[in-house]
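[1] From the sequence below, what's the structure:
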Amino acid sequence: MAEGIFDELRKKLEETVTTFPYVYMFKFIIKAENRTIAMVEAIFDNDAEIVQKESAKGNYLSITVKQVVMSVDEIIAIYEKAAKIEGVMSF
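    Next comes the predicted model:
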């Protein structure tokens, strides 16, 4: 994910999320590999709500995570960590 996209995301978040703490929903499409799944889930707190859904052929996995965040910077930091994981297809 390019830096410009993070800047655009930051602007949208600052316009829409006005109070913290805030329950934010993260979504990822990843390759359905145990290592990739574990690395994505490790980004989040132990009390985060994580839901996985396999694609029809089982090659990909949708991961939806609800986590309490304290700032826009925290949201961006999570997406930056995810962007570095091999096998993360989209956010």
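[2] List the contacts of the one helix or strand Ile75 maps to.
    Assigned by DSSP states H and E, Ile75 falls within helix 72-83. Here helix 72-83 makes contact (C-beta atoms under 8 Å, 6 or more residues apart in numbering) with 1, 6, 9-10, 13-14, 17, 24, 26, 28, 40, 43-44, 67, 69, 88, 91. All C-beta spots, glycine's among them, are computed from the backbone N, C-alpha and C.
[3] residue boundaries of the strands in the protein?
    Assignment of strands within the chain using DSSP state E yields the ranges 22-31, 49-54, 60-69, 88-90.
[4] which helix in this structure runs the most residues?
    Ranked by residue count under DSSP state H, the longest helix found in the chain is helix 3-16.
[5] okay, that helix in PDB with CA atoms only?
    In PDB, the C-alpha atoms belonging to helix 3-16 read as follows (Å, rounded to 0.1, in the frame of the first residue of the first chain):
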ATOM      1  CA  GLU A   3       2.100   6.100   1.500                       C
ATOM      2  CA  GLY A   4      -0.400   8.300  -0.400                       C
ATOM      3  CA  ILE A   5      -3.100   5.800   0.300                       C
ATOM      4  CA  PHE A   6      -2.400   6.000   4.000                       C
ATOM      5  CA  ASP A   7      -2.600   9.800   3.800                       C
ATOM      6  CA  GLU A   8      -6.000   9.500   2.100                       C
ATOM      7  CA  LEU A   9      -7.200   7.000   4.700                       C
ATOM      8  CA  ARG A  10      -6.000   9.300   7.500                       C
ATOM      9  CA  LYS A  11      -8.000  12.200   6.100                       C
ATOM     10  CA  LYS A  12     -11.100  10.100   5.800                       C
ATOM     11  CA  LEU A  13     -10.700   8.800   9.400                       C
ATOM     12  CA  GLU A  14     -10.200  12.200  10.800                       C
ATOM     13  CA  GLU A  15     -13.400  13.400   9.100                       C
ATOM     14  CA  THR A  16     -15.500  10.500  10.300                       C
END
